[in-house]
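S.K.: attaching a predicted model along with its sequence, questions to come.
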Amino acid sequence: MRIPGEKRSPFPDECGNRAGMFAEAMRDGDMDLAWSLLSKETRGMRMGVWATRYRIDMQVAYRAGYNQGHPMREAMLEDFRTTVLGLWPLEDLTDLGISPTSYVDDEHAFAFLPFGITEDNTEVRRGRAMNGLILPMLMEDGEWRIDLPGWRFMENPNADDPKAKEQE
């Protein structure tokens, strides 16, 4: 799968590092950290999914999402972790590397975390196909955050570009 965007550096950057922190937090069960690395839209989407799935009032889900002391927060975060680990087996979240980020624009990017990196590699042979996690990222409030709705760029990288629509 081709990752949209362009690489601005041959080295990993803060965007990729934050994606790596998210994968590690998911692997290690540090769900408060994982939750804090999500974009606002992603958190809202997950709260809505959880509330709908378990028939929980959306106001309760919202409070659980934003109040670390809420009695239902742990259940909501565990449901999120179970969902993610259903897509990414736990064993895939070990030995992850961080590759250079692909930027769609200054606010949207894709971080690629290749599997099976067991030593400090600063370079991968050019053109080598690797398996790994691709995480959509969003610059929000001055920090890179995991933006799961950002997958829309994989389907049509120019979806929000009016010039591209004119050319179609």
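M.R.: All right, it came through fine.
S.K.: and Leu113, what does it touch?
M.R.: For Leu113, the contact set (C-beta atoms under 8 Å, 6 or more residues apart in numbering) comprises 16, 19-20, 23, 96-99, 132-135. Every C-beta, even on glycine, is put in place using the N, C-alpha and C of the backbone.
S.K.: and what about it, helix, strand or coil?
M.R.: strand (DSSP: H, G, I helix; E, B strand; the rest coil).
S.K.: from Trp144, how far out is it?
M.R.: Per C-beta to C-beta, to the nearest Å, Leu113 is found 14 Å from Trp144.
S.K.: intersection of neighbour lists for those two?
M.R.: Ala19.
S.K.: any weak-confidence spans in the chain?
M.R.: Along the chain, the parts satisfying pLDDT under 70 run over 1, 118-129, 150-168.
S.K.: how about the CA coordinates for whichever strand in it runs longest, as CSV?
M.R.: The residue-count maximum for a strand in the chain (DSSP state E) belongs to strand 132-140. Extracted in CSV, the C-alpha atoms of strand 132-140 (Å, rounded to 0.1, in the frame of the first residue of the first chain):
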residue,chain,number,x,y,z
GLY,A,132,4.2,-2.5,9.6
LEU,A,133,1.6,-0.2,11.1
ILE,A,134,0.5,3.0,9.2
LEU,A,135,-1.0,5.6,11.5
PRO,A,136,-2.8,8.7,10.3
MET,A,137,-1.7,11.7,12.3
LEU,A,138,-3.1,15.2,12.8
MET,A,139,-1.4,18.3,14.2
GLU,A,140,-3.8,19.5,16.9
